[in-house]
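[1] for reference, the sequence and a predicted model appear below.
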Amino acid sequence: MNTQDAMKKQAAEAALSYVEEGIIGVGTGSTVNHFIDALAGIKGRIDGAVSSSVASTERLKGHGIPVYDLNAVGELSLYVDGADESNAQLQLIKGGGGALTREKIVAAASRQFVCIADESKLVRVLGAFPLPVEVIPMARSYVARELVQLGGTPVWREGFVTDNGNLILDVQHLEIMEPAKLEQTINNIAGVVTVGIFALRPADVLILGTPGGPKTVRA
């Protein structure tokens, strides 16, 4: 295991302390995979999970953890997920894995959002990581033109379809000084399903894996 992977694993295992009984929300990605594997060790403490992607659902079920539809369970006490970037206010860029819409829904339905990442994900200004935008297929070129007007360079993630049957535009060359404002602006473009800025509903806690051990950041 390389150093970065070890820091991801460390942050994921630290998030177990936030797990209470009931049904929890589980995100998507390499850091979350470590969390799911660690969660298997205490699965008797929970009733099951709501998952933000097909991949996470399969991994949870592989560990014998029941997976429920969000419509059937209502509000969740906890959501654990990773991030591609976080600023000091715990506003995030997510969606590198393409599950941003379901991740945003589960985050919105949860009382507490614990984000897990390695220390490289904490940045001063969001935007160095290309910003994912999920779009309805027929709107791809229209939305791309609108994103250019906002100062970005959208790149179609060719050969990729989301679990919802949509496309992803990854927007490069953005320096996101007002994340909540840009989140609203992009979400209001016709044909956008959602944008990978998590600022209107940021994380409540950020656990960073570091060479010196897990570090907890609160906004």
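    Here it is on my side, so go on. Computed from a predicted structure; not experimentally measured.

[2] just after the longest strand belonging to the chain, pick out the following helix or strand.
    Using DSSP state E, we find that the single longest strand of the chain is strand 110-118. Sequence-wise, the next helix or strand downstream of strand 110-118 (DSSP states H and E) is strand 131-135.

[3] chain center to the following helix or strand past that following strand, what's the gap?
    Once the chain leaves strand 131-135, the next helix or strand it forms, by DSSP H and E, is helix 140-149. Put simply, helix 140-149 sits 23 Å off its chain's centre (Cα atoms, centre = their mean, to the nearest Å).

[4] now do stretch 165-182
    Centre-to-centre, stretch 165-182 and its host chain are 14 Å apart (Cα atoms, centre = their mean).

[5] any chance you could list what contacts that stretch?
    With contacts defined as Cβ atoms under 8 Å, 6 or more residues apart in numbering, stretch 165-182 is touched by 87, 89, 91, 93, 95, 98, 101, 125-127, 130-137, 140, 143-144, 147, 150-157, 160-162, 193, 195, 197, 199-200. Glycine gets a C-beta too; all of them are placed from N, C-alpha and C.

[6] quick one: buried residues of it?
    By 16 or more other Cβ atoms under 10 Å, the buried positions in stretch 165-182 come out as 166, 167, 168, 169, 170, 171, 174, 176, 179, 180, 182.

[7] tell me how far the spatially most central residue of the chain lies from residue 22.
    Centroid-nearest residue in the chain: residue 94, 4.5 Å away (criterion: Cα atoms, centre = their mean). Using Cβ to Cβ, to the nearest Å, we find residue 94 at a distance of 24 Å from residue 22.

[8] ok, now residue 13?
    20 Å.

[9] of these two, who's got more company?
    residue 13 (19 against 13; other Cβ atoms under 10 Å).

[10] can you confirm the more buried one is in a helix?
    Yes - assessed by DSSP: H, G, I helix; E, B strand; the rest coil, residue 13 belongs to a helix.

[11] tell me the contacts of it?
    For residue 13, the contact set (Cβ under 8 Å, 6+ apart) comprises 34, 35, 38, 214.

[12] just the buried residues from those, in PyMOL please.
    Selection of buried members from those for PyMOL, criterion 16+ other Cβ under 10 Å:
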select buried, resi 34+35+38+214
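
[13] which among the contacts of residue 13 gets closest to residue 17?
    Checking the contacts of residue 13 against residue 17 by Cβ to Cβ gives residue 214 as the nearest, at 9.8 Å.

[14] apart from its chain neighbours, what residue comes closest to the closest one?
    residue 14 (4.0 Å; Cβ to Cβ, 6 or more residues apart in numbering).

[15] domains for the protein, by residue range?
    Using automatic domain parsing, the domain parsing of the chain gives 3-123+200-218, 131-195.

[16] okay, the ones you listed, which one's buried deepest?
    Of all the domains of the chain, domain 3-123+200-218 has the most neighbours on average by mean count of other Cβ atoms under 10 Å, namely a mean of 19.

[17] start to end distance for that one?
    For domain 3-123+200-218, the first-to-last residue distance is 24 Å (Cα to Cα, to the nearest Å).

[18] would you mind measuring from the closest residue to residue 215 other than its chain neighbours to residue 131?
    If the residues on either side of it in the chain are set aside, residue 215 comes closest to residue 208, at 4.7 Å by Cβ to Cβ, 6+ apart. With distances taken as Cβ to Cβ, residue 208 is found 21 Å from residue 131.
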